[in-house]
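Asks: okay, structure incoming, though there's no sequence with it:
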């Protein structure tokens, strides 16, 4: 299944499930599958609101920051098997608090303001 098919089959339904409303914004980095012409066109006409951030820019990419947070939590567990890794990933994902997710936009706004002089 290609990336565009995943978007077509899941994005709007997932946004509705999360009560994001019709005006939600999708965040993507510059990964080639995100910047493919057909994906860009579909998103433009189907979603509209997009936020692009640099690939692997942990400072301003919300998903990279969340990924780093989860990775640190998972590495603290002393994983010994694939099954344990899967259980820990699911547990840690489910334990992400709203406070942790709210720090991401605050940090991004701080970065946008530039260095303090």
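Replies: Here it is on my side, so go on. On a predicted model such as this, the values are computed, not experimentally measured, just so you know.
Asks: so who does residue 45 touch?
Replies: Residue 45 makes no contacts at all, as judged by CB atoms under 8 Å, 6 or more residues apart in numbering. C-betas here are computed from N, CA, C, even on glycine.
Asks: so it versus residue 8, what's the distance?
Replies: Distance from residue 45 to residue 8, counting by CB to CB, to the nearest Å: 12 Å.
Asks: same deal with residue 77?
Replies: 36 Å.
Asks: nearest residue to the middle of this protein?
Replies: residue 63 (3.4 Å; CA atoms, centre = their mean).
Asks: what is the burial count for residue 28?
Replies: When neighbours are defined as other CB atoms under 10 Å, residue 28 has 19 of them.
Asks: so what's it closest to, chain neighbours aside?
Replies: residue 34 (4.2 Å; CB to CB, 6 or more residues apart in numbering).
Asks: please enumerate the helices of the protein.
Replies: With DSSP state H as the criterion, the chain has helices at 3-17, 32-35, 37-46, 62-75, 82-94, 98-113.
Asks: most tightly packed of these?
Replies: helix 62-75 (a mean of 15; mean count of other CB atoms under 10 Å).
Asks: quick one, it and helix 82-94 angle?
Replies: When axes from the mean of the first three to the mean of the last three CA atoms, to 10 degrees is applied, the directions of helix 62-75 and helix 82-94 differ by 130 degrees.
Asks: mean confidence score for helix 62-75?
Replies: Averaging pLDDT along helix 62-75 gives 82.
Asks: same question, stretch 20-37
Replies: 79.
Asks: walk me through the domains of this structure.
Replies: 1-53, 55-116 (the TED database).
Asks: would you list the helices of the chain in JSON lines and tack on distance to residue 25?
Replies: Rendered in JSON lines, the data for these read as follows (distance: least, CB to CB, whole Å):
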{"stretch": "helix 3-17", "distance to residue 25": "10"}
{"stretch": "helix 32-35", "distance to residue 25": "14"}
{"stretch": "helix 37-46", "distance to residue 25": "11"}
{"stretch": "helix 62-75", "distance to residue 25": "11"}
{"stretch": "helix 82-94", "distance to residue 25": "21"}
{"stretch": "helix 98-113", "distance to residue 25": "11"}
